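Q: can't give you the sequence, but here's the structure:
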């Protein structure tokens, strides 16, 4: 896709009227690394941002949690897709419109096509109220990028009030998914100790809620045992920033009914916390600032690497790693290149 | 201090010959936010970086761990200063030269003068082989800044082979201290659950080693109990990135001998791990890259905010938080301001 093909106003109009093709094209646009696409993407995101701000203002004050975004993270093989399939269908039946952004690299390995992801979440995929978007083609590490936040906002603008982001959380340079969403849900399995090889340190403490999946048939006992261990371990960790919230650990089944009543009642407890609206508001405000900083860095690096006569960023990174150039010298050189220092 | 007062070559010469006043002035210089000082600081750090690279090359290959840097983090009141006092004296007695950078805000509250910090670590402060530097004046949150990494490098250049960074780890915008040092040691107290109010989530999982302090007199039993709990909890978390290393949790006393034999033997086990040199080398290489990115961002923001005719960064941050401007629009505006977009 290149910029001349696209009329931003037309795309935006399709998007906010819930046209799926416009949403798909918009996400492809913000994922593009081409300079020309980036310019159009910024124009589109400016319109989208204004639209979302307007929607938030028109919302009754008790509805400030509309547009709830949630990350579903956990090691490969823990059953994230099956869980999201069941969760998504229940959300749809509660009257929500649900978008799923799947950035688990296992979906890339198993084909990674839209069909592949739809097959993995076959019940949800059959619902008109749901939109499922597979991994971006460039992401092979399951990591989140600056584009992930924009893709989330695009889904909200297209009228999906609940956005679920599926991520394995292993990327080397990924942005912490918890910096992109309102709520982070960590999925584990029974007897997880050695199964956590696939995820990064810090991911357990970043979770707002922990679920031990596969609490069914032969998985039931191990899941309950693991649930008890984590529940006790979590109590040793620093308190959650939301006053009154103690990170719960629940056992659940993605193929049977076990645990779901508990899950929904825990979410109900959460939504009843008086501090929640302010906490979410503050979290989103912080995310807007960090989003700006990330996008600015990315734009500067892109501008710079597109100047053919200068060394590319990757060359410089390699020299920084081996100590050929010092960080302070590299900064100095860049400022001079950009005409910001004499 | 302003730039004209300073001769960079003279300062550098004093620094690498171990002159304490030159070290103190150099740290003050890199902590300064004045534009003029920043220019001199970059020149100094370029010399320092070349010097440290040269030192690393001249080192025998079995000495790659020379210049070991360690963060000591933990909630206020856990006894970090007393622990560092005892640890530092033992390091000095093993033949090391030890620098301590203290950025715990409690030292600011209790006066924060050099004298204050020296009093807090009175045994170590009396040793010629030790250098103790109190909190930077600007830092009231116990957070680490881009300048902290530079201060660490200045201490190494001044001939201190072990640098200990004391931080409470609560800053809102602080750089994760583990991104600045080789090794992160988390200090806790017996029955810590509710004592962790002062520290951020993520800090336990970021630790390479956990010590339960105050395992003496009436603190002994609670410390051992807490140590057992954490040891078990830590085994549930994702594995450490250093192959063969399981994050240990030890009970220790900072005023008696209890736990120190175990501590030193654990460090010996660590240093015997065949993968350690490569792990450290890779960690430092990554830190050089992230250091560059941080410094570049800082330099750009400083350049920008020094242009009086433009809105300052804080104004923009406030508008971003309230949604007056979208992140993408803000990026677009900046690129235009800087002449990088038409």
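A: Structure's in. What do you need? Here the structure is a predicted model, which is why all the values come from computation and not from measurement.

Q: what are the phi and psi angles of the closest residue to residue A:191 other than its chain neighbours?
A: Ranked by CB to CB, 6 or more residues apart in numbering or on different chains and with sequence neighbours excluded, the top spatial neighbour of residue A:191 is residue A:222, at 4.8 Å. Heads up, the C-betas are built off the backbone N, CA and C, glycines and all. The phi/psi pair for residue A:222 (degrees, to the nearest 10) reads phi -60, psi -40.

Q: what's the burial count for residue A:222?
A: Residue A:222 has 17 neighbours, counted by other CB atoms under 10 Å in any protein chain shown.

Q: pull the contacting residues for it.
A: The contact partners of residue A:222, by CB atoms under 8 Å, 6 or more residues apart in numbering or on different chains, come to A:189-191.

Q: let me know the closest of those to chain B.
A: Taking CB to the nearest CB as the measure, residue A:191 is the one of those closest to chain B, at 10.1 Å.

Q: pretty sure that closest one is touching residue A:228, no?
A: No. If you go by CB atoms under 8 Å, residue A:191 and residue A:228 don't touch, sitting 11.9 Å apart.

Q: tell me how many other residues surround whatever residue of the stretch 51-200 of chain A ends up closest to chain B.
A: Distance from chain B to each residue of the stretch 51-200 of chain A (CB to the nearest CB) is smallest for residue A:196, at 4.2 Å. By other CB under 10 Å, 20 other residues sit near residue A:196.

Q: grab the nearest non-local neighbour of it.
A: Nearest one to residue A:196, counting by CB to CB, 6+ apart, is residue B:238 at 4.2 Å.

Q: surely the one you found meets residue A:207?
A: No. Counting by CB under 8 Å, residue B:238 stays clear of residue A:207, with 11.8 Å between them.

Q: tell me which of those two has more neighbours.
A: Shown here are residue B:238 and residue A:207; by other CB under 10 Å, residue A:207 has more neighbours (24 against 21).

Q: contact partners for the nearest residue to that one once chain neighbours are set aside?
A: Nearest in space to residue A:207, with sequence neighbours left out and distances taken as CB to CB, 6+ apart, is residue A:186 at 3.6 Å. For residue A:186, the contact set (CB under 8 Å, 6+ apart) comprises A:73-74, A:203-204, A:206-207, A:209-211.

Q: which of these sits closest to chain B?
A: Closest to chain B, out of all of the contacts of residue A:186 and judged by CB to the nearest CB, is residue A:204, at 5.4 Å.

Q: report the secondary structure state of the closest one.
A: With DSSP: H, G, I helix; E, B strand; the rest coil as the basis, the three-state label of residue A:204 is coil.

Q: for it, which non-adjacent residue is closest in space?
A: residue B:237 (5.4 Å).

Q: and what of residue A:183?
A: residue A:70 (4.6 Å).

Q: and the lengthiest helix in chain A, what does it pack onto?
A: Across chain A, the longest stretch assigned as helix under DSSP state H is helix A:276-305. Counting contacts by 3 or more CB pairs under 8 Å, 6 or more residues apart in numbering or on different chains; DSSP states H and E, helix A:276-305 packs against helix A:35-58, helix A:146-157, helix A:313-322, helix B:276-305, helix B:313-322, helix B:327-337.

Q: do you know which of the ones you listed lies nearest residue A:98?
A: Closest of these to residue A:98 is helix A:146-157, at 9.2 Å (criterion: CB to CB).

Q: off-centre distance for the closest one?
A: Computed by CA atoms, centre = their mean, to the nearest Å, the separation of helix A:146-157 from the middle of its chain amounts to 9 Å.

Q: hmm, who's touching it?
A: With contact meaning CB under 8 Å, 6+ apart, helix A:146-157 is reached by A:15-16, A:23, A:26-27, A:30-31, A:41, A:45, A:48-49, A:51-52, A:67, A:69, A:99, A:101, A:103, A:131, A:133, A:136, A:163, A:165, A:175, A:177, A:180-181, A:287, A:291, A:294-295, A:298, B:328.
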